[in-house]
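Colleague: any chance you can model this:
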Amino acid sequence: MRAEGALPPASKVEPSKVEPAKAETAQPAKDLKTIEKEYKVVAGKHKEEYEKYKEMNKAAWDEKDSKTRVAKMDAANKEKDRILNQYSTEDKPNSRSTYHKELANKLPEEQIRSELSQRFGDGVNKIGSDKVREVYASVSHNEEVIGKSRFSEIVQKIEVAPLKGRRVAAYSEKTKRIVINSNKAELKGWDAKDEDGTRFHPYAGGSPTKAVIDHEIGHAIYGAMTSGSGKISRVATVFGRDGVSRVVSGYASTKSKELAAECWAAAMNGNPNTVVQYVAGLMKG
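Modeller: The predicted structure follows:
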């Protein structure tokens, strides 16, 4: 049975070939105080381990023998990756994200463009062939989560146009449209890590493109919220920039609205931690 609000599959696709994901067990909701208490334990361990990494890194740079230095640097980098992966929001793929991505890959491109253009305008047709399926997967997934009627209220156009700066996409609350930057050669999720392990647009189990679109849809949801935005701001206050960077992403630590959008992207694509679940839960309503 197709989830309510999802876009219909093509007649050419055999439903039996696309296995729906098993229903995930709902976890008891946690309040912010409980999450903060758990986080302090995790943050303490992370800081302690990261200090050990910095000592390893310093020892590597101080090593005079070149071969030994390379070996020590390699060991330090492996330790850094282990630490970052341990405290990442990208632990496991999101089964529903994977399901919608696989379904979109089985649909004829003409059908995808037809459905998207009918709903969101002809601007959709400027999206490249390698990306339009991922945009479709994002739309389908978000409609499943928040409902088709609510989605249609907050996103009414998707188009490609020039954008200033480094942005790969943007959402306009005034026009209720998602604009994909035509100045970018391709859509990319910012999966880069700085020295503190901060991330941008987490997307395990999804894709860079889907994560970017999910992020912009997150802005749309946040802008349309009638309650709960104050609690999201409280998360930023409680955890601070360092804490938000560690458990969500560096971009999430810049503003409350970016915290909301990044948490939505993480929840829609990865296996979210308790902070992400809390914020996304407020947004979902």
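Colleague: please verify my assumption that residue 125 contacts residue 114.
Modeller: No. Under the criterion of C-beta atoms under 8 Å, residue 125 is not in contact with residue 114, lying 9.6 Å apart. Backbone N, C-alpha and C define where each C-beta goes, glycine included.
Colleague: pLDDT on stretch 69-78, on average?
Modeller: This predicted structure assigns stretch 69-78 an average pLDDT of 90.
Colleague: pLDDT weak spots in the stretch 51-200 of the chain?
Modeller: Scanning the stretch 51-200 of the chain for pLDDT under 70 picks out 84-93, 184-200.
Colleague: strands along that one, start to end?
Modeller: Listed in chain order, the strands found in the stretch 51-200 of the chain under DSSP state E, counting those that start in this stretch are 157-161, 169-172, 177-181.
Colleague: for residue 37, find the nearest of those.
Modeller: strand 169-172 (34.0 Å; C-beta to C-beta).
Colleague: residues near residue 58, how many?
Modeller: 12 (other C-beta atoms under 10 Å).
Colleague: now do the contacts for it.
Modeller: By C-beta atoms under 8 Å, 6 or more residues apart in numbering, the contact set of residue 58 is empty.
Colleague: repeat that for 10 Å
Modeller: By C-beta atoms under 10 Å, 6 or more residues apart in numbering, the residues touching residue 58 are 72, 76.
Colleague: equivalent analysis for residue 178, please.
Modeller: For residue 178, the set of contacting residues under the criterion of C-beta under 10 Å, 6+ apart consists of 120, 123-124, 135, 138-139, 155-160, 169-172, 212-213, 215-217, 219-220.
Colleague: quick one: average confidence on stretch 30-39?
Modeller: Averaged across stretch 30-39, pLDDT comes to 77.
Colleague: got a PyMOL select line for the buried ones in the contacts of residue 178?
Modeller: A single PyMOL command selects the buried members of these (16 or more other C-beta atoms under 10 Å):
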select buried, resi 120+123+124+135+138+139+155+157+158+159+160+169+170+171+212+213+215+216+217+219+220
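Colleague: isn't residue 241 right next to residue 251, touching?
Modeller: No. Taking C-beta atoms under 10 Å as the contact criterion, residue 241 and residue 251 are not neighbours in contact, 11.1 Å apart.
Colleague: between the two, which one's more packed in?
Modeller: When residue 241 and residue 251 are compared on other C-beta under 10 Å, the one with more neighbours turns out to be residue 251, at 20 against 13.
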